[in-house]
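Asker: got a predicted model here, sequence first, then my questions.
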Amino acid sequence: MKHTRIDVAEFVERRQRLLAQMPDNSVALIPANKEVTRSRDTEFLFCQDKDFYYLTGFHEPDALLVLVKGEQSESILFCRDKDPAQEVWHGRRVGAEKAQQAFNFDLTYTLDELEQVLPMYINQRDVLLFAQGAQKTFDEMVFAILDILRAGFKHGFKAPHTLTDIRDLIHEMRLFKSPAEIAIMREANAITGNAHCRAMKFCQHGVFEYQVEAEILHEFAKNGARTAAYGSIVGGGENATILHYTDNDEVLINDELLLIDAGAELSGYAADITRTFPVNGKFSEQQKALYNVVLDAQNATIEAIKPGVSFAQLNTIACDVLTRGLYDLGLLTGDLDQLIEEKACKQYFIHGLGHWLGLDVHDVGDYHVDQDKNQRRPFEPGMVLTIEPGLYIDAEADVDEHYQGLGIRIEDNILVTENGFENLTVNAPKTVDEIEALMATSNQ
Ligand code: GLY
Ligand code: MN
Ligand code: MN
């Protein structure tokens, strides 16, 4: 994440756009993430707070962005200072001095100066904006500063009278992707599509799920995406029916399906692609039939995407196709019109149809347009979302045994454009023929 593809000018423009929306005489505090202990004195690979990253492009832990909207607006960074002794153990730091110029802040301070300087930026402001509850230790520090300001009224100190959540403003901005963000997400999708191809070619009876995962991660890293955007799901057989299966420690068996939900993180942005295919490269009759129901639902849904359409409408389209398909296969019985009316497919389609995608895999942004959260938001150009219908038949379900234990999901990433959509997921095979043809070229 050190080498972002977004220009410094775009980060500056984002800060200016946020400042323009802040109330007069206000201050916003947006902290970076802290490192997280994995075991004793070792840490997990650092992942920056996505709101902080969106506004700074700065990749170090413990930093703090302060935006002041006063007579003039200021953008200030507190960060770790240079420290040769620490750097020789833990890696290089940008340092406050270099950060100011490299990231184009009005002012930078070292973390040592935080205690003394930060209260002065909060003092006398009417409104304080921050994400209360996101980081407990940060909340404690902010409330301690407010206590100091309140207690110091004889010295002319004054704490803000209003505390506001900053997240709504930032998350609304993040929902609409810029051309630079879209270019990165296109590439994250291309890398991920290749990784799914590699997994299909590698896959065979007897290999462990985590060995397939290793192929995917190798393909990501080889193409510039150091990490996955989330824990890869590599579930063979019945494991495909566990929605967030990440154990990935079982052996793949001939005649079973393998579900892979994996996405590269590139410059901080996520891809989120799912493919389901037969371990031996050839779908059985029933696997193919159920697979095509999911694929038909996904295609019909994607084709309907354009500005003005909402997730609610897409969900109805997906449920119609899934319910009809399940009825035709005998997995739902009764009156078809009533089954469609009741969205009877939800018995097997047990999660949502999709979600926003961006810096977070389940990206931020309001899904509704009304306060009561009843009305789904119409799509607008620049939004990126996933479409991921799935069917999961319990191994004990009272259905034809050939369908028992099947889990199928197909997931693509879609950009809403002025006139319709662009499917960012272009190189991961999706039809039965495409998948079987690719797997037939396996070099195993
Ligand atoms: N990979 C998580 C999801 O598809 O929502
Ligand atoms: Mn996914
Ligand atoms: Mn998803």
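Answerer: Thanks, I have it. Ligands and ions are numbered 1, 2, ... in the order given.

Asker: mind listing the strands for the stretch 51-200 of the chain?
Answerer: 64-69, 73-79, 107-110, 127-130, 162-165 (DSSP state E, counting those that start in this stretch).

Asker: what is the third one packed up against?
Answerer: In this structure, strand 107-110 makes packing contacts with strand 73-79, helix 96-102, judged by 3 or more Cβ pairs under 8 Å, 6 or more residues apart in numbering; DSSP states H and E. Glycine gets a C-beta too; all of them are placed from N, C-alpha and C.

Asker: so which residues make contact with the first one?
Answerer: Applying Cβ atoms under 8 Å, 6 or more residues apart in numbering, the set of residues contacting strand 73-79 from outside is 12, 15-16, 19, 56, 58, 60, 62-68, 93-96, 99-100, 103, 105-111, 113-114, 117-118, 121.

Asker: switch to 6 Å and redo it
Answerer: 15, 19, 63-68, 96, 99, 105-109, 111, 114 (Cβ atoms under 6 Å, 6 or more residues apart in numbering).

Asker: now the buried members of those residues.
Answerer: 15, 19, 63-68, 96, 99, 105, 108-109, 114 (16 or more other Cβ atoms under 10 Å).

Asker: burial measure for D255, as a count.
Answerer: 12 (other Cβ atoms under 10 Å).

Asker: one more: M120?
Answerer: 11.

Asker: again, but for A229
Answerer: Neighbour number of A229 under other Cβ under 10 Å is 24.

Asker: for it, give its distance to A131.
Answerer: 21 Å (Cβ to Cβ, to the nearest Å).

Asker: equivalent analysis for T431, please.
Answerer: Taking Cβ to Cβ, one finds T431 at 44 Å from A131.

Asker: which one of the helices and strands packed on strand 107-110 lies closest to G334?
Answerer: Closest to G334 of the helices and strands packed on strand 107-110, according to Cβ to Cβ: strand 73-79, at 61.2 Å.

Asker: in the closest one, what's buried?
Answerer: In strand 73-79, counting by 16+ other Cβ under 10 Å, buried: E74, S75, I76, L77, F78, C79.

Asker: would JSON lines of those with pLDDT and distance to ligand 3 be doable?
Answerer: Compiled in JSON lines, the buried residues of strand 73-79 are given as follows (pLDDT from 0 to 100; distance: Cβ to the ion, whole Å):
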{"residue": "E74", "pLDDT": "97", "distance to ligand 3": "38"}
{"residue": "S75", "pLDDT": "98", "distance to ligand 3": "33"}
{"residue": "I76", "pLDDT": "98", "distance to ligand 3": "36"}
{"residue": "L77", "pLDDT": "98", "distance to ligand 3": "33"}
{"residue": "F78", "pLDDT": "98", "distance to ligand 3": "35"}
{"residue": "C79", "pLDDT": "98", "distance to ligand 3": "33"}
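
Asker: need these in a markdown table (columns: distance to ligand 1).
Answerer: Formatted as a markdown table, the buried residues of strand 73-79 follow (distance: Cβ to the nearest ligand atom, whole Å):
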| residue | distance to ligand 1 |
| --- | --- |
| E74 | 38 |
| S75 | 34 |
| I76 | 36 |
| L77 | 32 |
| F78 | 34 |
| C79 | 32 |
